[in-house]
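Visitor: when you get a sec, could you give me coordinates for this:
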Amino acid sequence: MFCIWMSLVHRAIKEHMGEFLTRKVKGQSVLAHVTRRELEAAQQQVAEHQRFQHLVKKYIQVNESLCDRRMKSRQTERKTRQMERTLNASH
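Guide: Below is the predicted model of the structure:
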C-alpha cells in the first residue's frame, strides 16, 4: 500500500512541476518553467514558429529567383538594343 501511495505522490509532484523549456535571449540560454498543461500550447507555438521560419526562407528563395530573372531579362534587352544600334548604324 505504501508503494502505491508513494507512486501517486510522485506522479502528482511530477505533474505539478511541469517542464523547463529553453530559449535564447541576447545570445544566452534562458530556462522558462512550463506546467504540463501549458506544455502542449508551448509545443504548438514552437511548431508554428518553425513553420513561419520555413515560409520566410521560401519567400526569400522566390524573391531572389525573381530578382535574378529580372537582371537577366534586362541584360538581354540591353544586348538586343546594342545589336539593333549596330545593325542600324551599318545601313
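
Visitor: most centrally placed residue in this protein?
Guide: residue 53 (1.5 Å; C-alpha atoms, centre = their mean).

Visitor: who's residue 34 bridged to?
Guide: On the basis of DSSP bridges, residue 34 is bridged to residue 19.

Visitor: pLDDT of the top helix by length along the chain, averaged?
Guide: In terms of residue count, the longest helix belonging to the chain (DSSP state H) is helix 36-90. The average pLDDT within helix 36-90 is 88.

Visitor: if we can go back for a sec, from residue 29, how far off is the residue nearest to the centre of the chain?
Guide: 19 Å (C-beta to C-beta, to the nearest Å). For every residue, glycine as well, the C-beta is placed using N, CA and C.

Visitor: and residue 50, how many neighbours?
Guide: Neighbours of residue 50 under the rule other C-beta atoms under 10 Å: 10.

Visitor: do residue 39 as well
Guide: 13.

Visitor: got it, and residue 88?
Guide: 8.

Visitor: check residue 37 too.
Guide: 9.

Visitor: and for residue 54?
Guide: 10.

Visitor: check the one 4 residues further on too.
Guide: Burial of residue 58 is recorded as 10 neighbouring residues (other C-beta under 10 Å).

Visitor: what's the distance between it and residue 70?
Guide: 19 Å.

Visitor: and for residue 45?
Guide: For residue 45, the distance to residue 70 - C-beta to C-beta - is 37 Å.

Visitor: what's the closest non-adjacent residue to residue 22?
Guide: Distance criterion C-beta to C-beta, 6 or more residues apart in numbering; nearest residue to residue 22, sequence neighbours excluded, is residue 29 at 4.9 Å.

Visitor: who's the one you found bridged to?
Guide: residue 24.

Visitor: pLDDT at it, what is it?
Guide: The model reports residue 29 with a pLDDT of 83.

Visitor: that one reaches residue 23, doesn't it?
Guide: Yes. Contact criterion C-beta atoms under 8 Å: residue 29 and residue 23 qualify, at 7.4 Å.
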